[in-house]
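A.B. asks: model this:
(2 chains)
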Amino acid sequence: MHNTLSRRDALLATGFGGMLMPASLSHAQPANKPAEIKVGIVTILSGPASVFGVPGRQAAEMLFDEINRAGGIGGVPVRPIFVDEGPGVEHTLGEIRRLVQNERVDILFSSISSGSCLACTPVAEELKKTVLLWDCGTQRIFEDRRYEYAFRTQANGTPEVLAPLLYTLKRKPNLRTLAVINQDYAWGRDSWELWKTGMDALKPGVRVVAELFPRFNSTDFSTEITRLLALRPEVIFTTSWGGELDTFIKQASERRLFERSTLVMPLAESSLERVGNALPPGHFIGARGDHWHLHPNPADPAKLRAFTENYRRRFNAWPIYCTHHMYQAVSAMQAAYAKAIPAAGGAWPSDAQLAAAFRGLEYDTLTSRMKIREDGQGLEAQLIGTTVRSPDYPFPIMNDMVVYPPELLYPPVGQKSVDWLKTLTPDYLNRVPG
Amino acid sequence: MADWFADNGLLLGLALLDGLAYAALVFMVAVGLNLVFGVLRILNVAHGSFFAIGGYTAASIGAFVMARGLPEWLALPVLVLAAVVVGGIAGPLIERFILRRIYAEEPVLQLLVTFALFMILEDVQKLIWGVQPVHHDAAMRLLGTVDVPFGHDSIPFTAYQLYVLPGVALFTLVGLAWFLRRTLTGRVIVAVTTDREAATAMGIDAKKVFLLTFTFGAALAALGGALSSPTAALVPGVGAGTMVLSFAVVATAGLGQIEGAAIAALMIGLGRSIAVYFLPEAEVLVPYIIMVGVLLVRPNGLFGVVETRRI
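C.D. replies: This next block holds a predicted model:
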């Protein structure tokens, strides 16, 4: 058997794997350690949202390979078990139970759909198994209930909508008319409620000239675009994603909608490579967090570059936000084991001990450092920018980037987002950067 | 009422233009489904897959043509070529090796088999084209835009949307009607649709008619997908949404009705567009409200006929 280490493997192991491996764990060899750490990963592998789920799985495969090349976690190899949440919530609930009761996973990552997160989190709690909410956006999880075993390793819908709102109002202080075109499902409706509530508080008097919610999975937005062209709102807000956002951008671009209105698209970072220069300069976009392969000031540029290059080399695509979210979940898991093993006196941590390690946990992302606060919600900054063309890329990139710190974006623990947004005043904008 | 039209007449005009283009695409898919049901008496759930595969194939061939630096005008014939390729390959294969085995089976089993086929073809699409959205909009860009006057303003429409989609749908409707009524092959298809047993007794080879009709229906769905590919991103699941809408059209029209499909598609397309302008909350519901409304009054659809039960 050929068992030598190639130069590439060595580079990856010492470079990328080394960055992933907390120093305290590299040499720690806890007693009673298992043969492997099984990680049940719930992601969308079928249907339209697989545009996020598949890159998320790819990132997990790459990261787990790197961890195992570097010796595992506490000397224990890590094995992901992927399940598809595409068939729906009932199917996913069954898969969660199977992962815990049959596969006996040590930790769960769940999920992309907010509906799945809302349904699966109570089940994981009932089974007393730590679940990391690795990508879903609903803010309701920790606002409606307290959990012992659930933690979110990225932001949620509130900061993801509030940050682009702040960015927009800073650049358009005299904004008077706005329209929304969102997908007709929970995220489309919830994100509009967050935006509208925040906008009414921060900039009272903005007139909403159209509220359009085309059918989820629509492939034609011609009628909506005609309506928006006729109305000429100053700003059009859309939290659409995937193929629907791509289609909307292409159709809107061809019909010169971008010349009449400024588009605010908090999820458009994930579409940049696909829509190319159909998305013109001067429109506001977000990346669902504080991450992007051209982030303006990453804490460790070499780490971000290594991740980006490894991902591109392996999957022939630029990493998009969901790959960063997967990195954050993996990084948090490693940091939690690094904290839990010493806390357990050097023994392998129980489920309860592992869960306890997540509360107040700090862990590295690809651009900064995050913390999970007492209610289980991760505090992540938000990067927003304006599209611009670049000779170096066949698609638009961002400039005029602003990273909004988490202190400005989250309601206090125990307060619901909509209630908190109502308490904001126009004066709040004076405290906001950018 | 007159005041309402005075205030909203211009918007209504825009809604009609949008509705026409949308109706054209819906018609292309629904008419194939209706034709297949009329002849084969099978409600083909996998019909939406031909739409999706037609779109993906058109995008792939279009990208290949552009990558080779061939003339841009080829973007338009490529759409028809994709439909011919998909219909000509997938249609006969599926009819010969799958559907032919279940013609005598219960409708429930036929539905299950075509649903299984739909699921298989969904995975085939993912295997070939992956899960990331696929675009190829050369045909739309090729024709540019047309500014439609709107009071003191003007609204840009793509020429592709304004002329090509309704034009192809109209050509298909007229051509299909001519083919079915004026050619021998078409009359043979109508004969089998009207009374399969009598047609077979007269010496018509029903198997050949089934093969031809299914291939033709698949090609029409693929053409619908190919025509939508310049304006829409192709993603996993795109076939399912189209299939549900085309079922609404077919149910509204009456199963087996070609001209009925055109009128139902027009009603649904225009109804949806008008809803976007004047009652956006109802946009998603409008096709199904129209369908339910029609079925309450005419349970066999607008143009469906009551058939005597054969024993």
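
A.B. asks: for the stretch 201-311 of chain B, what are the low-confidence residue spans?
C.D. replies: Screening the stretch 201-311 of chain B residue by residue with the criterion pLDDT under 70, one finds the ranges B:305-311.

A.B. asks: again with chain A
C.D. replies: The model of chain A has pLDDT under 70 over residues A:1-29, A:31.

A.B. asks: how does it divide into domains?
C.D. replies: Structural domains of chain A, as assigned by automatic domain parsing, span the residue ranges A:7-136+A:299-367, A:158-290+A:381-431.

A.B. asks: Against chain B, how distant is the residue lying closest to A:T177 once chain neighbours are set aside?
C.D. replies: Using C-beta to C-beta, 6 or more residues apart in numbering or on different chains and skipping residues adjacent in sequence, the residue nearest A:T177 is A:P233, 4.6 Å away. Every residue, glycine included, has its C-beta placed from N, CA and C. Distance of A:P233 to chain B, computed by C-beta to the nearest C-beta, to the nearest Å: 14 Å.

A.B. asks: and what of A:G88?
C.D. replies: Taking C-beta to the nearest C-beta as the measure, A:G88 falls 13 Å from chain B.

A.B. asks: tell me, how many neighbours does B:M140 end up with?
C.D. replies: The local packing of B:M140 (other C-beta atoms under 10 Å in any protein chain shown) involves 22 other residues.

A.B. asks: What strand or helix carries it?
C.D. replies: helix B:138-143 (DSSP states H and E).

A.B. asks: does any part of that helix sit near chain A?
C.D. replies: Yes: taking C-beta under 8 Å from any C-beta of the partner chain as the criterion, helix B:138-143 and chain A are in contact, through B:M140, B:R141.

A.B. asks: helices or strands up against that helix?
C.D. replies: When contacts are defined as 3 or more C-beta pairs under 8 Å, 6 or more residues apart in numbering or on different chains; DSSP states H and E, helix B:138-143 sits against helix B:47-67, helix B:75-97.

A.B. asks: Please enumerate residues in contact with it?
C.D. replies: Residues from elsewhere that reach helix B:138-143, judged by C-beta atoms under 8 Å, 6 or more residues apart in numbering or on different chains: A:254, B:62, B:66, B:72-73, B:75-76, B:78-79, B:158-161, B:163-164, B:230-231.

A.B. asks: quick one on the thing from earlier: would you mind putting the domains of chain A into TSV with distance to B:I102 and mean neighbour count alongside?
C.D. replies: As requested, the domains of chain A are exported to TSV (distance: least, C-beta to C-beta, whole Å; neighbours: other C-beta atoms under 10 Å in any protein chain shown):
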stretch	distance to B:I102	mean neighbour count
domain A:7-136+A:299-367	26	20
domain A:158-290+A:381-431	29	20
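
A.B. asks: List the buried residues of whichever helix or strand B:A261 is part of.
C.D. replies: Assigning secondary structure by DSSP H and E places B:A261 in helix B:258-278. Neighbour-count burial for helix B:258-278 flags B:258, B:260-277 (criterion: 16 or more other C-beta atoms under 10 Å in any protein chain shown).

A.B. asks: Same check on stretch B:3-11?
C.D. replies: Along stretch B:3-11, these residues count as buried under the neighbour rule (16+ other C-beta under 10 Å): B:L10, B:L11.

A.B. asks: And the strands in the stretch 1-150 of chain A?
C.D. replies: Taking DSSP state E, counting those that start in this stretch as the criterion, the stretch 1-150 of chain A contains strands spanning A:37-43, A:78-84, A:107-110, A:131-133, A:150-152.

A.B. asks: near chain A, which of the buried residues of helix B:258-278 show up?
C.D. replies: Counting by C-beta under 8 Å from any C-beta, B:R272, B:S273, B:V276, B:Y277 from those sit close to chain A.

A.B. asks: which one of the residues you listed is nearest B:G130?
C.D. replies: The shortest distance between B:G130 and any of those, using C-beta to C-beta, involves B:R272 and amounts to 30.4 Å.

A.B. asks: near chain B, which residues of the stretch 201-350 of chain A?
C.D. replies: Close to chain B, as judged by C-beta under 8 Å from any C-beta, the stretch 201-350 of chain A has residues A:210-215, A:217-220, A:222-224, A:226-227, A:229-230, A:232, A:242-244, A:246-247, A:250-251, A:254-256, A:274-275, A:278, A:317.

A.B. asks: Okay, and which of those residues map to strands?
C.D. replies: A:A210, A:E211, A:L212 (DSSP state E).

A.B. asks: list the contacts for the spatially closest residue to the last one that is not a sequence neighbour?
C.D. replies: Residue nearest to A:L212 in three dimensions, not counting chain neighbours: A:I181, with 4.3 Å by C-beta to C-beta, 6+ apart. Neighbour list for A:I181: A:A210, A:L212, A:F213, A:P214, A:F221, A:E224, A:L228, A:I236, A:F237, A:T238, A:S240, A:F248 [criterion: C-beta under 8 Å, 6+ apart].

A.B. asks: If anything else comes up later, I'll come back, but that's it for now.
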